[in-house]
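Novice: Quick one: sequence and predicted model below, then my questions.
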Amino acid sequence: MINIISGSAYALSSVELIEKSKEYDQQIVSYRGEVVGEVMKRGSFVWINVNDGLNAIGIWSAVSLVKEIKFGGSYKYRGERVEVTGVLNRACPQHGGDLDIHAEKIEIFKTGHEIYHPVNRSRLNLAAILSALSFILIGLNIYLKKKRIPAE
Amino acid sequence: MLVHPQIDDYKIIGYYTGKVIIGIGWLMMLPLFTSLLFAEWNTCIDFLIGISSCLIVGYVFLLTCYTQKDLNWAQGMVVASFSWILAMLLGAIPYWLSGHFKYYIDACFDLMSGSTTTGLFLLQDLDHVPMGLNMWRHELTFIGGQGMVVVALTFLVRGSAGAYKMYAGEAKEERLLPNVIETARTIWTISLIYLFIGTIALWGAGMFQGMSVVRALFHGLWLFMGAWSTGGFAPQSQNILYYHSLIIELLTLIIFVLGSLNFALHYAIWTGNRREIYKNIEVISFAITISITFILTVVGLMRLGVYPTVMAFFRKSFYQVISGHTTTGNMTIYARQFIREWGSVAMLGTSIAMAIGASACSTGGGFKNLRMGIITKAMFHDIKRLVSPETQVLLQKFHHIKDVILEDKHIRSAMLIVLTYILLYLLGTVAGMLYGYSFSEALFESVSAGSNTGLSCGVTSADMHLGLKLVYIFEMWSGRLEFMSVFALLGFITAIFRGK
């Protein structure tokens, strides 16, 4: 069975690819998600991991296909959202039995960006109050320890 | 007859529990500094709240329960078990505040999983967590592998006879050195030296495999912590599969095998007694059971034609079986692949490996190789006795650091703990089946939780029923403490209400 290559309507989820890996093994599939982590260069190829919100799947790709990828998802960044078209391997013989996709085409459909995390002021106030309280208790403990020593 | 606890009992338990909780608070300084380093301001605030909460609770205990009296056995056991529960509730605060957990119980689940070095997790969106939070996750497994009480003994408790009772309450009985404080510090020294070497190795491997310098360093540190502690946490959602790297798989495999060995064995080898590797009953037992469970798993996989090459077999089946047998839980396959591809025979092989587990006084869980060795020797001894003349006196020995004559008390103790583990696994299996999972899935996940392994076939998820989450928390907690201190705590609570 060959899946139609283009068009997001035919993009499979990571759950489908994993649950039905035998069915899609050695087929050309389409998969969409966010690039997470970083692009890991291995000679003239790279590994990227693409997470669709359910799982992340490893994509083996030529360097030329990932030149536009600038951001990998992390706490500080939203990674590029990509659509990968390539051959699914249920147990890749080249890569030690990994379930992976050997990419033939990678399209960025949404660029990555930095994520802004505004400081939570109310939580900061709570932290300040609790810290002050803990300092008081530490001080009290030290004071009482010193007071106990002559008595002992 | 149950004796009602006295004021002194509450004070002693409260005082030493307070020390452990203060220790947990100070341990959060490392993730706090990590978040400061990476300018993760909200994470810094979350950890400040967590640290302060632990210090407030800990010092309130210390101040209100001040005592100079030492612990007895029951009190030591109660401190060990109670402090783990309190540490779970308080240590989960930064997790909950991060926004990566659906419910507070999920945060508690992950805290218990990390500190018991299980490795199952309910955290959402692991690929986007702050560096500080990942540091806390992995530090927890590293500390949990040594034992939170061991930490307290190392830094917070000046020598006392009662210290050993807390230490034993955390399912560690080996005395590497005559003084239990010195034993705790020696365990730390061994772990820290390996930490240094292992992190450098994984850092190098990460950079070689295309990671950036800083990321490779932190991943190297965290992978070491997860592997050595046999916790199995990794900083990305795909676990070891993220790296697609034979080198990293080999390094983590070596590290978690080392971590699963008895600390007394490490100490013996480091002090020149290298023959211990060949003579020790745990090493021999481990070699035999890993071979049997691996063969069973391979047979199951070959019947189904799961992997096309020898290398794939090694990187998938061998890795998973060793990860299971050492109760690590690092994975190079997706959880659902156990169900969809491995089949029931291979899953059974892996489940048995997890159930047996690692060495006593190591970072691992399960029955323990020592008990398997003792029970097996006892069986052969009984068979020999049956076929020998009645008047013949037969002595059976086993070697564990020194030669020990196998006596009924060793066999009884081993059988009791193994039976209790089996009951624990059954409890989780029945619970899993009641919540709608198949026998294979329920057994696999229950054994994984109770043996503190962390391999998952997909049952563990944030959408899991609350009841099953509580069952697995109980399994992880009691499996890690090997029951005695859990029974002591339950006995203490019963005595409060029904004691005379």
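Specialist: Received it, and whenever you're ready, just let me know what you need. Numbering: from 1, shown residues only, chains lettered A, B, ... in the order given.
Novice: and residue B:321, what element?
Specialist: Assigned by DSSP states H and E, residue B:321 belongs to helix B:319-325.
Novice: I'd like the next helix or strand past that helix.
Specialist: The helix or strand immediately downstream of helix B:319-325 is helix B:335-337, counting by DSSP H and E.
Novice: what residues does that following helix touch?
Specialist: Among residues not part of helix B:335-337, those counted as contacts by Cβ atoms under 8 Å, 6 or more residues apart in numbering or on different chains are A:15, A:18, A:19, A:21, A:99, B:456, B:457, B:458. Every C-beta, even on glycine, is put in place using the N, C-alpha and C of the backbone.
Novice: chain center to the helix holding residue B:321: distance?
Specialist: Centroid displacement of helix B:319-325 relative to its chain, using Cα atoms, centre = their mean, to the nearest Å, is 14 Å.
Novice: Could you do stretch B:274-286 as well?
Specialist: 22 Å.
Novice: Send me it as CSV with only the CA atoms.
Specialist: Extracted in CSV, the C-alpha atoms of stretch B:274-286 (Å, rounded to 0.1, in the frame of the first residue of the first chain):
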residue,chain,number,x,y,z
ARG,B,274,39.2,-8.8,42.2
ARG,B,275,38.4,-12.5,42.5
GLU,B,276,35.1,-11.4,44.1
ILE,B,277,33.7,-10.9,40.6
TYR,B,278,34.0,-14.6,39.9
LYS,B,279,33.1,-16.0,43.3
ASN,B,280,30.3,-13.7,44.4
ILE,B,281,26.9,-15.5,44.5
GLU,B,282,25.1,-12.4,43.1
VAL,B,283,27.3,-12.2,40.0
ILE,B,284,26.9,-15.9,39.3
SER,B,285,23.1,-15.7,39.9
PHE,B,286,22.9,-12.6,37.6
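Novice: tell me which residues of it are tucked away?
Specialist: With burial defined by 16 or more other Cβ atoms under 10 Å in any protein chain shown, the residues of stretch B:274-286 counted as buried are B:276, B:279, B:280, B:281, B:282, B:283, B:284, B:285, B:286.
Novice: got the phi/psi numbers for residue A:55?
Specialist: Here is the backbone geometry of residue A:55 (degrees, to the nearest 10): phi -150, psi 170.
Novice: Relative to residue B:70, how far out is the nearest residue to it once chain neighbours are set aside?
Specialist: Spatial nearest neighbour of residue A:55, excluding adjacent residues (Cβ to Cβ, 6 or more residues apart in numbering or on different chains): residue A:14 at 3.8 Å. Distance of residue A:14 to residue B:70, given as Cβ to Cβ, to the nearest Å: 56 Å.
Novice: List the residues that contact the residue in the stretch 151-300 of chain B that chain A sits nearest to.
Specialist: As assessed by Cβ to the nearest Cβ, chain A sits closest to residue B:210 within the stretch 151-300 of chain B, at 3.4 Å. Residue B:210 sits next to A:38, A:39, A:40, A:41, A:42, A:46, A:47 when contact means Cβ under 8 Å, 6+ apart.
Novice: per-residue confidence at residue B:180?
Specialist: On pLDDT, residue B:180 comes in at 69.
Novice: Give me the phi and psi angles of the residue in the stretch 201-350 of chain B positioned nearest to chain A.
Specialist: For the stretch 201-350 of chain B, the residue closest to chain A is residue B:312, as judged by Cβ to the nearest Cβ, at 2.9 Å. Residue B:312 has phi and psi values of phi -60, psi -40 when expressed as degrees, to the nearest 10.
Novice: Export the helix holding residue B:321 to PDB, keeping only CA atoms.
Specialist: In PDB, the C-alpha atoms belonging to helix B:319-325 read as follows (Å, rounded to 0.1, in the frame of the first residue of the first chain):
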ATOM      1  CA  TYR B 319      19.300  -3.900  25.700                       C
ATOM      2  CA  GLN B 320      15.700  -4.100  26.900                       C
ATOM      3  CA  VAL B 321      16.300  -7.400  28.800                       C
ATOM      4  CA  ILE B 322      19.400  -6.100  30.600                       C
ATOM      5  CA  SER B 323      17.700  -2.800  31.200                       C
ATOM      6  CA  GLY B 324      14.900  -4.800  32.800                       C
ATOM      7  CA  HIS B 325      17.000  -7.300  34.700                       C
END
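Novice: In contact with whatever residue of chain A ends up closest to chain B, which residues are there?
Specialist: Proximity of chain A to chain B (Cβ to the nearest Cβ) peaks at residue A:97, 2.9 Å away. The contact partners of residue A:97, taken as Cβ under 8 Å, 6+ apart, are A:91, B:307, B:308, B:309, B:311, B:312, B:313, B:315, B:316.
Novice: rerun that using 7 Å as the cut-off
Specialist: Neighbour list for residue A:97: A:91, B:307, B:312, B:315, B:316 [criterion: Cβ atoms under 7 Å, 6 or more residues apart in numbering or on different chains].
Novice: Residue B:239 now?
Specialist: B:330, B:331.
Novice: Got the confidence number for it?
Specialist: For residue B:239, pLDDT reads 97.
Novice: Tell me, how many residues neighbour the residue of the stretch 201-350 of chain B closest to chain A?
Specialist: A count of nearby residues for residue B:312, using other Cβ atoms under 10 Å in any protein chain shown, gives 20.
Novice: Residue B:242 contacts residue B:236, doesn't it?
Specialist: Yes: between residue B:242 and residue B:236 a contact is recorded at 4.0 Å, counting by Cβ atoms under 7 Å.
Novice: who in chain A is up against chain B?
Specialist: Within reach of chain B by Cβ under 7 Å from any Cβ of the partner chain, chain A has these residues: A:18-19, A:36-38, A:40-42, A:47, A:49, A:51, A:55-56, A:58, A:73-75, A:91, A:93, A:95-99, A:117, A:119-120, A:123-124, A:126-127, A:130-131, A:133-134, A:137-138, A:140-141, A:144.
Novice: For the least confident helix or strand in chain A by mean pLDDT, which helices and strands make contact with it?
Specialist: Least confident helix or strand of chain A, by mean pLDDT, DSSP states H and E, is helix A:121-151 with a mean of 92. Packing partners of helix A:121-151 (3 or more Cβ pairs under 7 Å, 6 or more residues apart in numbering or on different chains; DSSP states H and E): helix B:41-64.
Novice: and with 10 Å instead?
Specialist: Packed against helix A:121-151 by the contact rule (3 or more Cβ pairs under 10 Å, 6 or more residues apart in numbering or on different chains; DSSP states H and E) you find helix B:7-27, helix B:41-64, helix B:93-97.
Novice: List the contacts of residue B:432.
Specialist: By Cβ atoms under 10 Å, 6 or more residues apart in numbering or on different chains, the contact list for residue B:432 reads B:438-446, B:449, B:459, B:464-465, B:468, B:471-472.
Novice: Could you report the neighbour count for the residue in the stretch 351-500 of chain B positioned nearest to chain A?
Specialist: Nearest to chain A in the stretch 351-500 of chain B, going by Cβ to the nearest Cβ, is residue B:458, at a distance of 9.5 Å. Applying other Cβ under 10 Å, we find 18 residues neighbouring residue B:458.
Novice: is it fair to say it lies in a strand?
Specialist: No: residue state for residue B:458 (DSSP: H, G, I helix; E, B strand; the rest coil) corresponds to coil; a strand is not indicated.
Novice: Neighbour count says what about the contacts of residue B:210? Which are buried?
Specialist: Applying 16+ other Cβ under 10 Å to the contacts of residue B:210, the neighbour count classes A:38, A:39, A:40, A:46, A:47 as buried.
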